[in-house]
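Undergrad: Here is my input; please provide its structure:
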Amino acid sequence: MKRNNHHNDDSIQDLLNRMPSVEDRQSSEELYRKISTKRFQHVQKRSKRKKALTAWGAGIASLAAIILFFVVAFPSMQMDNAQHDTASSNESMDASADQSTSEAHEYKEAKLQETEESHQSSDQSKSDMGNDSEQGFVATDSALSSQVVYREDNKKYATLPFADVQGQYIIPFTFQSVNDTQTVEQLYNSLSPSIQEDWGVMEYQFSSVSFNINQKERIVVAGFPEDYEFPGSSAQENIFLKSLKAMFRPLNIQTIDLQTNGEPGVDLGNNSGLKQIKLDGISVYKRFNSPNGLQLFVQVPINQSATVEEALNKLKVDEPNFNVEGTIPKEVEVMAVETTGDTLEVNVNGVEGLEQARYTLWMIESILMTAKEFGYQEVKFNGFPFERLGTYNFTKSLQVPFSVNPMPANQSYSK
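TA: Sure, this is the predicted structure:
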């Protein structure tokens, strides 16, 4: 058979190169569906055309096959209609269509696998963050900021007290050692922090005082220099004593011996010759709103004869005159079920209406710290409509924290 000289390989290639580019924005699923449909239509057309071609003879069929070869050789799915109008029984068409269908199918399977892996990764991330989508809580590190401290191995902590500017309550801050070799006693004696004025607290009172800490015997010896300015009024004396108690309560210290220039006793305004302080008393932990917008835990003393359930109800009481808020919303019902062991059970109702997870976190951590005041080591919460919030897993008992208001490890806080 003669070859058409007007359409040699180079000229055909040149014509194909001149054809306008077409961008395919179809999804993998749509492309797969179209290929499958076209393939089915082609099979039907091929069956009918095969009968017609047989009648015209083998010569005409061969010529049509050669012409069709060059048309089908153009590797673009955008030319489907033109290609299939002249489709024949040529085996090259079968191979090309089958290959395209196979590639589309493989691409679809890859995308489906990628989507499934993405969903699994997303679900795992939500689970790790303690997300409860049904209640709208999104407990991410950026959304929730814990205000309590849990001790880590090889880390030392010191809790330093700061009185609010009205001299009413104590706001304890917890500082962490800057190196692993520092002892607890060294940490206490090395700190002299300067807190910004807009935090709404007074200056630290004990920078010039030395502390000898015996955790085994649960006793601290506080040595005051001879020129120390002791409080002169009853209100100042009250804050002075509260501060020392708050300072060593996290270490389970029972007694603080007071010395002046190495001699037993200190002279306070209304209490001359005071030699020892017993760390008695009970406090609840509420939220303090500082002038700069910072929110901190504040210790609020309550009657020492109060029950744990009475203490939890105190957490609903706001004290706006002192910039203090309760941590349990009024609409939330909290009932403590006291146990004989180290675990306190707390039943909670009405949490579903809370709008922000961070306020739920304040409530949880204030209950944990208040339970610690009564000697409990763990708290089991019942009634939350979610299993997790932040790092807390409510299917288990939660350990009470070491202290509150963590401060970053910073050498600038040292003397």
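
Undergrad: Okay, strands next: where are they in the stretch 301-415 of the chain?
TA: Counting by DSSP state E, counting those that start in this stretch, the stretch 301-415 of the chain has strands at residues 324-325, 333-337, 343-349, 378-382, 388-389, 392-393, 398-399, 403-404.

Undergrad: Can you classify the nearest residue to residue 205 once chain neighbours are set aside as helix, strand or coil?
TA: Spatial nearest neighbour of residue 205, chain neighbours left out: residue 243 (6.1 Å); criterion: Cβ to Cβ, 6 or more residues apart in numbering. Yep, even glycine has a C-beta here, placed from its N, CA and C like the rest. Three-state call for residue 243 (DSSP: H, G, I helix; E, B strand; the rest coil): helix.

Undergrad: pLDDT score for residue 243?
TA: What the model reports as pLDDT for residue 243 is 96.

Undergrad: again with residue 1
TA: Confidence score, pLDDT, at residue 1: 44.

Undergrad: so what's the closest residue to residue 280 other than its chain neighbours scoring on pLDDT?
TA: Excluding the flanking residues, the one nearest residue 280 by Cβ to Cβ, 6+ apart is residue 304, at 6.7 Å. pLDDT recorded at residue 304 is 92.

Undergrad: Over to residue 11?
TA: Residue 11 is given a pLDDT of 66.

Undergrad: give me every residue that touches the residue nearest to residue 280.
TA: 280-282 (Cβ atoms under 8 Å, 6 or more residues apart in numbering).

Undergrad: What subset of those is buried?
TA: When the contacts of residue 304 are checked for burial by 16 or more other Cβ atoms under 10 Å, the buried set is 281-282.

Undergrad: Output the contacts of residue 304 in a markdown table, with secondary structure, pLDDT and distance to residue 289 appended to each entry.
TA: Output for the contacts of residue 304, formatted as a markdown table (DSSP: H, G, I helix; E, B strand; the rest coil; pLDDT from 0 to 100; distance: Cβ to Cβ, whole Å):
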| residue | secondary structure | pLDDT | distance to residue 289 |
| --- | --- | --- | --- |
| 280 | coil | 92 | 29 |
| 281 | coil | 92 | 24 |
| 282 | strand | 95 | 23 |
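
Undergrad: Turn the contacts of residue 304 into TSV, including distance to residue 330.
TA: What follows is those, written out as TSV (distance: Cβ to Cβ, whole Å):
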residue	distance to residue 330
280	31
281	27
282	23
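
Undergrad: you'd agree residue 290 is up against residue 198?
TA: Yes. With contact defined as Cβ atoms under 8 Å, residue 290 and residue 198 form a contacting pair (7.0 Å).

Undergrad: Who has more neighbours out of the two?
TA: Taking neighbours as other Cβ atoms under 10 Å, residue 290 and residue 198 compare with residue 290 leading, 19 against 11.

Undergrad: how close does that one sit to residue 403?
TA: The gap separating residue 290 from residue 403 is 18 Å, by Cβ to Cβ, to the nearest Å.
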